[in-house]
Structure formats: structure tokens, C-alpha cells
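Novice: predicted model and sequence below, questions to follow.
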Amino acid sequence: MATDNTILRCEYIIPQKKRRCGMSRAANTNYCVEHSQGNAEVKDDKERVRVPCPLDPSHTVWKHNLKKHVRICNKAKITQATAAQPYFIKDLNRGPAELVENELNNANLIESVQLLLEALNEYEEPQEQIKKNEFMESNRLIELSNTIKKHAKQQSSLIQNLFDVELIPSGKIMEFGCGRAEFSRYINQTIINNDPYQLQDDLPKYVLIDRGSNRMKFDKKFQDDLMALSKNPEKVKQRIAIDRLKLDIKDLKLSTVIEEHDGCLAISKHLCGVATDLTLRCLQNCIEETNGKFKLQGICIAMCCRHVCNARDYINPDYIKSFLESKHSQINYKTFFGHLSKMCSWATSGRRPGMNDDDIVQIEGDNQEQLSISLLQREKIGLFARYLIDNGRLEWVKQNLMNNKMKNAKIIKYIEPDVSRENNALLVY
């Protein structure tokens, strides 16, 4: 028998997790407010309908309270506070509006696949630079079980690549799409470990950029690491400068954040989809807004998820258009880029147990058109699609971001594919 103090739990079964919701519910219903819609016990009350919040669809509200909720929603307060910051300019780093988005349909899909299939001989494997950082290998990696070492292995290789081209230490390190700032934290540890007495004049400065509200952030760990690893008491008393900016990269006016005397390094692991293009355009805009005074010293971006790139924001449409022109193709850029981005997933989707290179895969176009290719061909097409997108970015960087400090730019394979199939990074130094 339930008492007055008993918390009643929602009986709704979450399909993906195959368990009950567990949120609290009223005594006269079996469901919480999130899952009451569509259930028999509330169908008679037409006013009690829940709809997604237009500001943040991750939660729902009562339809009859929608206008009031929009005024008081926490998402609205956060959005307004961010928009008032000097570093926020809406859509500053997006591509031309006239390009709109990808044209997602099956029209010309077969032709796009055949186009890449016939050009596979143009694919160039990225330069392999799989490295190990001694500090990461002897400290971070031994703390982890084998099941969760993959991220630390990737960080170790990227960090050592940065050391080898003398991009670490830098005056200011900007991590785009930083999440919990794990990558920056371990860069910071290696800097302190390499110079335990902290003899350099300034401690590193960090700018952490992410649009999400991340739990268990590492921001406070930077100072703890300094206290644990440094042997210079005077340096321990100083604070490591950390700025965290919670906004989308597309809206970031970077020139309001950097200082002229700071040598800046832009990093990320992994920077999802079009966020790579937004970051590159953000850096270019900063250079232009500061009349070239922005001291960009290097870039290290491990890229991923090209299947969520879009034709508008991709940094180098001319590169893709020139590829189409070289093949005398009549497919328009937006349609082809939509196909190209989706085909990138063929390089990373892996195989089910028992599948072989010569297994046949059916590609379905419009009007019931089909093309039969082998599984190996499908994977090679995916790699070539990824190559085209990444190489376009590389060529754009060479044309628009190179300076006296940065004279080299390349795509590197920084980790084995069995650790991560998303194993390409843009390295500029």
C-alpha cells in the first residue's frame, strides 16, 4: 500500500533501453508528463497535449502553456545571454546562404557512384604518421583498461605529432568542439611534464569552445595537474588561464577572444562533420578582422563524421565543382555533395561477421534503378569520397591560411584503423 511519502514512478517502457522511464508521476496516472501523450488515460482531455519546446526540442511542454513556457524556458535565457556576448555573431562563419543545404534524394545517385568508381585510381592514401608520446604511454595509457584505451592512443599520437613539428608549447591553445576538454588537458600535462620546473615565462592559456552543456568537464583539472606535476612552487601559485565559450562555432567571432601577442594553436579531436569547415572559416574571418595581426601558428584537427557535412558550409565548393567538370559530369554541386557526404560513411561503417570482399551490395537510385558493386568496392568508394572532402579542405587551407609561421599543410593518418576508422587529421605548421 503506497503511503503519502511514496514516490510513484512512470510505467512507460523506453523501447531502446527496454526499461521503465522511472520519472515521478501523479497518483491518478500511470505516466509522467513526458510520456502521458498518446496513452489512453489522457486521450479524453484535448487540452492536455504535450508538444516539443520550439527552443529546445529535447523536452516537451503542455500545448496550452506553450506561450508562457517560451518566455521562461531556461534555453531562452541561455540563448539570450550568449547572444549578448561580444564574441557572438549569428551565422558569421557559415557559407553563402544561396547554396542552402544538400539536395537529399536518390536522383543521379547511381551516376555519382559510377563517377567515383571510375576515378578510384586518383585516390591517394594519407601520409601515415602514427606516433606515441612517451608521457602519455607511461602515464595515461597504463591507467586505462584495454576497452577504453582507444581515445588515449589517438591523443598520444596527435600530441606527439604536435611536438615533432614544434607546435607545443604555444601561447594560446584553442580547442574547437572541446567537449570535456580532455584533449587540451593531456596536452597541458605533457607541457608541464616536459618542463617540470616551469622555466618558460608564461603558463599556457586555453580557449575551450563547445556548444554543448558537458558534464564532468576537465577545466578544473588543469590547475590540479600543475600542482601535481610542477616542481616550481612559484608557478604553482599562478593560475592557468582557461576561457570556456558555450556557443556554436558558426556564431563565434574569434577576434574578440584572442590577444595580439598570443601565438595561437587551433586543435580538435574529433571535430564532427561541418564543424571543421566552420572552424577554418572562423580562423580566416579572424585573420581578416584583425588585419593579419592574428598570430595563427598551427592547426591540428582530427576530422570525423563527414556524412553530416552540407553543401552550404563546406569550405571549398570550387574543388568539388572542378572535380565534376574534369569528369564532364552534369550533376549539380548540391546534389553531388549530398551523395558524396553520405558515401563517406561507407568507409567507416565496418562489416558484419562473415562478410567478404566479393559480397555483392545493391545501390538503389531513383526510378528503381540499381547498381551492383562488391563490398570492397563500396569501402573504396567511401574512402575516395572522404579523400575528396578532406583534400578540398587541405587545398583551401594552402590558398587561404598559410603565413610566415605556417608553411606546411597535409592530411595525415594518425592512428591505425582498428583503433578508429576516423583516423585522418589536418596538420598545418
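Specialist: Yep, it's here.
Novice: how about the strands in this structure?
Specialist: 13-14, 19-20, 50-52, 60-62, 127-128, 172-176, 205-210, 241-246, 263-272, 295-304, 360-364, 370-374, 409-413, 424-428 (DSSP state E).
Novice: just put these in a markdown table and tack on mean pLDDT.
Specialist: Listed next are the strands of the chain as a markdown table, based on pLDDT from 0 to 100:
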| stretch | mean pLDDT |
| --- | --- |
| strand 13-14 | 75 |
| strand 19-20 | 77 |
| strand 50-52 | 85 |
| strand 60-62 | 83 |
| strand 127-128 | 96 |
| strand 172-176 | 97 |
| strand 205-210 | 97 |
| strand 241-246 | 96 |
| strand 263-272 | 96 |
| strand 295-304 | 97 |
| strand 360-364 | 93 |
| strand 370-374 | 94 |
| strand 409-413 | 98 |
| strand 424-428 | 98 |
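Novice: among those, which is nearest Asn121?
Specialist: For Asn121, the closest of those is strand 370-374, at 16.1 Å, according to CB to CB. For glycine as for every other residue, the C-beta is placed from the backbone atoms N, C-alpha and C.
Novice: pull out the buried residues from that closest one.
Specialist: Within strand 370-374, the residues that count as buried by 16 or more other CB atoms under 10 Å are Ile373.
Novice: now do stretch 269-288
Specialist: 269-271, 273-287.
Novice: thinking again about what came up before, I'd like the strands of the chain as JSON lines, with distance to Pro96 appended.
Specialist: Formatted as JSON lines, the strands of the chain follow (distance: least, CB to CB, whole Å):
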{"stretch": "strand 13-14", "distance to Pro96": "42"}
{"stretch": "strand 19-20", "distance to Pro96": "47"}
{"stretch": "strand 50-52", "distance to Pro96": "30"}
{"stretch": "strand 60-62", "distance to Pro96": "35"}
{"stretch": "strand 127-128", "distance to Pro96": "32"}
{"stretch": "strand 172-176", "distance to Pro96": "22"}
{"stretch": "strand 205-210", "distance to Pro96": "23"}
{"stretch": "strand 241-246", "distance to Pro96": "25"}
{"stretch": "strand 263-272", "distance to Pro96": "21"}
{"stretch": "strand 295-304", "distance to Pro96": "22"}
{"stretch": "strand 360-364", "distance to Pro96": "31"}
{"stretch": "strand 370-374", "distance to Pro96": "33"}
{"stretch": "strand 409-413", "distance to Pro96": "24"}
{"stretch": "strand 424-428", "distance to Pro96": "22"}
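Novice: relative to Arg393, which of these is closest?
Specialist: Smallest distance to Arg393 across those (CB to CB): 6.3 Å, for strand 424-428.
Novice: just checking, what packs against that closest one?
Specialist: helix 150-164, strand 295-304, helix 375-400, strand 409-413 (3 or more CB pairs under 8 Å, 6 or more residues apart in numbering; DSSP states H and E).
Novice: so which of the strands of the chain is nearest Glu182?
Specialist: Closest to Glu182 of the strands of the chain, according to CB to CB: strand 263-272, at 8.4 Å.
Novice: ok, the closest one: who's next to it in the sheet?
Specialist: Partners of strand 263-272 in the sheet, by DSSP bridges, are strand 172-176 (parallel), strand 295-304 (parallel).
Novice: could you single out the most deeply buried of the ones you listed?
Specialist: Highest mean neighbour count of the strands paired with strand 263-272: strand 172-176, a mean of 26 (counted as mean count of other CB atoms under 10 Å).
Novice: to what extent is Lys405 buried, counted in neighbours?
Specialist: 14 (other CB atoms under 10 Å).
Novice: same check, this time on the one 3 residues further on
Specialist: The local packing count at Asn408 equals 11, with neighbours defined by other CB under 10 Å.
Novice: circling back: nearest to Ser170, of the helices and strands packed on strand 424-428?
Specialist: Nearest to Ser170, of all the helices and strands packed on strand 424-428, is strand 295-304, at 5.6 Å by CB to CB.
Novice: give me the angle between the closest one and helix 375-400.
Specialist: Angle between the axes of strand 295-304 and helix 375-400 is 170 degrees (criterion: axes from the mean of the first three to the mean of the last three CA atoms, to 10 degrees).
Novice: select, out of the strands of the chain, the one closest to Ser138.
Specialist: strand 263-272 (20.5 Å).
Novice: make JSON lines out of the strands paired with strand 263-272 and add distance to Val397.
Specialist: Below are the strands paired with strand 263-272 laid out as JSON lines (distance: least, CB to CB, whole Å):
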{"stretch": "strand 172-176", "distance to Val397": "15"}
{"stretch": "strand 295-304", "distance to Val397": "7"}
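Novice: out of these, which comes closest to Leu394?
Specialist: strand 295-304 (10.6 Å).
Novice: for that closest one, list the C-alpha coordinates in CSV.
Specialist: What follows is strand 295-304, C-alpha atoms only, in CSV (Å, rounded to 0.1, in the frame of the first residue of the first chain):
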residue,chain,number,x,y,z
LYS,A,295,49.2,35.0,-34.9
LEU,A,296,48.0,31.6,-36.0
GLN,A,297,50.9,29.3,-35.6
GLY,A,298,49.3,25.9,-36.4
ILE,A,299,46.3,23.7,-36.8
CYS,A,300,45.7,20.1,-35.8
ILE,A,301,42.2,18.9,-36.4
ALA,A,302,41.2,15.2,-36.4
MET,A,303,38.2,15.1,-38.6
CYS,A,304,35.2,12.8,-38.4
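Novice: which of the helices and strands packed on strand 424-428 is buried the deepest?
Specialist: Using mean count of other CB under 10 Å, the stretch among those with the largest mean neighbour count is strand 295-304, at a mean of 24.
Novice: could you give the angle of that strand to helix 150-164?
Specialist: 150 degrees.
Novice: quick check: angle from strand 295-304 to strand 424-428?
Specialist: Comparing the axes of strand 295-304 and strand 424-428 via the same axes, to 10 degrees yields an angle of 170 degrees.
Novice: tell me how far the closest residue to Asp164 other than its chain neighbours lies from Gln189.
Specialist: Leaving aside its chain neighbours, Asp164 sits nearest to Lys131 (7.1 Å; criterion: CB to CB, 6 or more residues apart in numbering). Distance, Lys131 to Gln189, using CB to CB, to the nearest Å: 17 Å.
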